[in-house]
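**Q** Build the 3D model from these lines:
(one chain, ligands or ions: 2)
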Amino acid sequence: MKPQNPPRTYRVKSFGCQMNVYDGERMGELLAEKGITPAPQGEEADLVVLNTCHIREKAAEKVYSDIGRLSKAGEERGHKPIIAVAGCVAQAEGEEIMARAPAVSMVVGPQAYHRLPEMLDRAVKGERATDTDMPAIAKFDSLPKRRRRSPSAFLTVQEGCDKFCTYCVVPYTRGAEISRPFKHLIDEAHRLVETGAREITLLGQNVNAWSGEDDAGRAVGLAGLIRALDRVDGLERIRYTTSHPNDMEDDLIAAHGEIAKLMPYLHLPVQSGNDRVLKAMNRAHTAESYLRLLERFREARPDIALSGDFIVGFPGETEAEFEDTLALIDTVGYAQAFSFKYSPRPGTPAASMAGQIAREVMDDRLQRLQARLNRDQAAFNAASVGRTCDVLVERKGKHEGQWLGKSPWLQSVWFAEEDGREAQIGDMVTCELVEAGPNSLRGALRQPAVA
Ligand code: 5AD
Ligand code: SF4
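**A** Residues are numbered from 1 along each chain as shown. Ligands and ions are numbered 1, 2, ... in the order given. Sure thing, here's the model as predicted:
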């Protein structure tokens, strides 16, 4: 590659999960420390980081079309951007990317992106560099402090997954489970609050597998961490995601009934409502044990909003087995959910299983499943009308004086300022939910606002 001018502007494009959003923000901060600034909206950046997702085929293929589009646009402008590929596709297909996409200067895995600044220096000299090492915790120690002020912040507490569901690439791309130390997390939480966060979402591929030692040297799990965060002044909301049904400790369920800051929301993927399919997925729980678990959360916190993930068309899934998933959905009544067509991932056991399902069958099942999930989400929103709750204001709405925020149940709520009652980002206001749409609710400001 030819030597290039040092970049003045950057853009990080993050795909996939919230962990990637967190990583993307940290990469932006690293680049900012080198004096590189975010490219203004609508302008091309000198350095583009594609922070990729490998979870499904469509997501993984997107990186190649993005690279093609970026270098073509750069050629037309006579100024090609430096392209870095980060995230899970980088981890899984680093060498292939280097071979297939000569326009790429850097390939950096999710555990190695703290080395991005050094790699960039090499890229400027015209060298191509790949780093997909997995040195576990090192990355977090060398990350700069957060600059962006958002009232809702992510905090990665755990990475990697040891569950090895047979369809999933995460244990390969993100590696084995590791937990960040208790003290680091409490310190980071304080820093987040100092820079404007009022809500923290604890992130982990299997967040319930987090474990550590508290200040007194006692072994603690996620509930212990949440109890410690409860004591952080200025922090008002705590959330966590994503959970696996088999790692739910009793104390976490109890915490939902005891800690006001812990929001009444649980994202607990089930994937399928059929025990044979669950077994083939290596989920190590049954539909029944999952439902019993949800019941315990509902007992601890009756208004808890439930969310899940679903896969349709896992190899061998019959119509009757699929209908078990529909039945489970009817039993639970989810407030929100994510659903996907099964996508065979290279190197995973399910990819070579017999009975791969035809695309049309998957399309049909996904449509039927999503119709139920949409119905339940609309019903949950409709049932919220009349509730008065706190709304954390996150951004401006489309119209002057209009604001968007989140309810405790993670619903998007918009409201309009009224005479003498102005709002700003980061406020916690009290709203009565007065009207429900399928994806959001309208709130009316009620006094007094919660300070
Ligand atoms: N195909 C389809 N969906 C998948 N997921 C994970 N791997 C696959 C795959 N190979 C879904 C699961 C998981 C969510 C993050 O993505 O539902 O919970
Ligand atoms: Fe993937 Fe299963 Fe781990 Fe979730 S629990 S990240 S689906 S292997």
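
**Q** what does the stretch 101-250 of the chain have sitting close to ligand 2?
**A** Within reach of ligand 2 by Cβ under 6 Å from any ligand atom, the stretch 101-250 of the chain has these residues: 161, 163-165, 168, 170-171, 205-206, 244. Every residue, glycine included, has its C-beta placed from N, CA and C.

**Q** Tell me how the chain divides into domains.
**A** According to automatic domain parsing, the chain comprises the domains 9-138, 145-238, 264-383, 388-445.

**Q** Pipe the ones you listed into JSON lines and attach distance to residue 256, mean pLDDT and mean neighbour count per row.
**A** Shown next, in JSON lines, are the domains of the chain (distance: least, Cβ to Cβ, whole Å; pLDDT from 0 to 100; neighbours: other Cβ atoms under 10 Å):
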{"stretch": "domain 9-138", "distance to residue 256": "20", "mean pLDDT": "91", "mean neighbour count": "18"}
{"stretch": "domain 145-238", "distance to residue 256": "9", "mean pLDDT": "94", "mean neighbour count": "19"}
{"stretch": "domain 264-383", "distance to residue 256": "4", "mean pLDDT": "98", "mean neighbour count": "18"}
{"stretch": "domain 388-445", "distance to residue 256": "12", "mean pLDDT": "92", "mean neighbour count": "17"}
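
**Q** can you list those in a markdown table and add distance to ligand 1?
**A** As requested, those are exported to a markdown table (distance: least, Cβ to the nearest ligand atom, whole Å):
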| stretch | distance to ligand 1 |
| --- | --- |
| domain 9-138 | 5 |
| domain 145-238 | 4 |
| domain 264-383 | 3 |
| domain 388-445 | 17 |
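
**Q** Format these as CSV; extra columns: distance to residue 258.
**A** Putting those into CSV (distance: least, Cβ to Cβ, whole Å) gives the following:
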stretch, distance to residue 258
domain 9-138, 26
domain 145-238, 9
domain 264-383, 8
domain 388-445, 15
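
**Q** Now the phi/psi pair for the residue nearest to residue 204 when sequence neighbours are not counted, please.
**A** If the residues on either side of it in the chain are set aside, residue 204 comes closest to residue 158, at 3.2 Å by Cβ to Cβ, 6 or more residues apart in numbering. With angles defined as degrees, to the nearest 10, residue 158 shows backbone torsions of phi -150, psi 150.

**Q** With residue 406 instead?
**A** The phi/psi pair for residue 406 (degrees, to the nearest 10) reads phi -120, psi 140.

**Q** how far away is it from ligand 2?
**A** Remark: distance between residue 406 and ligand 2 (Cβ to the nearest ligand atom, to the nearest Å) = 24 Å.

**Q** Any idea what that residue is bridged to?
**A** residue 392, residue 412 (DSSP bridges).

**Q** do residue 341 as well
**A** When assigned by DSSP bridges, residue 341 has beta-bridge partners residue 312.

**Q** residues touching it, list them.
**A** The contact partners of residue 341, by Cβ atoms under 8 Å, 6 or more residues apart in numbering, come to 311-313, 359, 362-363, 366.

**Q** How about residue 373?
**A** Counted by Cβ under 8 Å, 6+ apart, residue 373 has contacts 310, 329, 334, 337, 339.

**Q** hmm, 7 Å instead?
**A** 329, 334, 337, 339 (Cβ atoms under 7 Å, 6 or more residues apart in numbering).

**Q** Over to residue 366?
**A** Residue 366 touches 312, 339, 341, counting by Cβ under 7 Å, 6+ apart.

**Q** Mind doing that once more with 8 Å?
**A** 312-313, 339-341.

**Q** Tell me the spacing between residue 199 and ligand 2.
**A** With Cβ to the nearest ligand atom as the criterion, residue 199 and ligand 2 are 24 Å apart.

**Q** let's have the chain start at 16 instead
**A** Sure thing, new numbering starts at 16, so read that last one as residue 214.

**Q** so that residue sits right up against residue 169, yeah?
**A** No - between residue 214 and residue 169 there is no contact under Cβ atoms under 8 Å: 9.9 Å.

**Q** Spatially nearest residue to residue 167, not counting backbone neighbours?
**A** In space, residue 167 is closest to residue 214, 4.4 Å off (Cβ to Cβ, 6+ apart).

**Q** How about residue 283?
**A** Closest to residue 283 by Cβ to Cβ, 6+ apart is residue 258, at 5.2 Å.

**Q** Correct me if wrong: the one you found contacts residue 271.
**A** No - in this structure, residue 258 is not within contact of residue 271 by Cβ under 8 Å, at 12.0 Å.

**Q** anything in contact with each of those two?
**A** Counting by Cβ under 8 Å, 6+ apart, the shared contacts of residue 258 and residue 271 are residue 281.

**Q** Could you grab the helix/strand/coil label for the closest residue to residue 315 other than its chain neighbours?
**A** Excluding the flanking residues, the one nearest residue 315 by Cβ to Cβ, 6+ apart is residue 272, at 3.8 Å. State at residue 272, reduced to three classes by DSSP: H, G, I helix; E, B strand; the rest coil: helix.

**Q** Look at residue 235 and give its secondary structure.
**A** strand.

**Q** For it, give me its contacts.
**A** Per Cβ under 8 Å, 6+ apart, neighbours of residue 235: 197, 226-229, 243.

**Q** any idea how far residue 264 is from it?
**A** As judged by Cβ to Cβ, to the nearest Å, residue 235 and residue 264 stand 10 Å apart.

**Q** Show me where the chain has its helices.
**A** Here the chain has its helices, by DSSP state H, at 33-48, 72-92, 102-115, 131-139, 153-156, 185-188, 197-209, 237-245, 265-273, 290-295, 302-315, 334-347, 374-399.

**Q** pLDDT value on residue 466, please?
**A** Residue 466 is assigned 41 on the pLDDT scale.

**Q** Across the sheet, point out what pairs with the nearest residue to residue 254 once chain neighbours are set aside.
**A** Nearest residue to residue 254 in three dimensions, chain neighbours excluded: residue 216, at 4.3 Å (Cβ to Cβ, 6+ apart). Beta-bridge pairing for residue 216 (DSSP bridges): residue 169, residue 254.

**Q** can you check the one 10 residues further on too?
**A** For residue 226, the beta-bridge partners are residue 236 (DSSP bridges).

**Q** burial measure for the residue lying closest to residue 142 once chain neighbours are set aside, as a count.
**A** In space, and not counting its chain neighbours, residue 142 is closest to residue 16: 7.2 Å by Cβ to Cβ, 6+ apart. Residues near residue 16, counting by other Cβ atoms under 10 Å, number 13.
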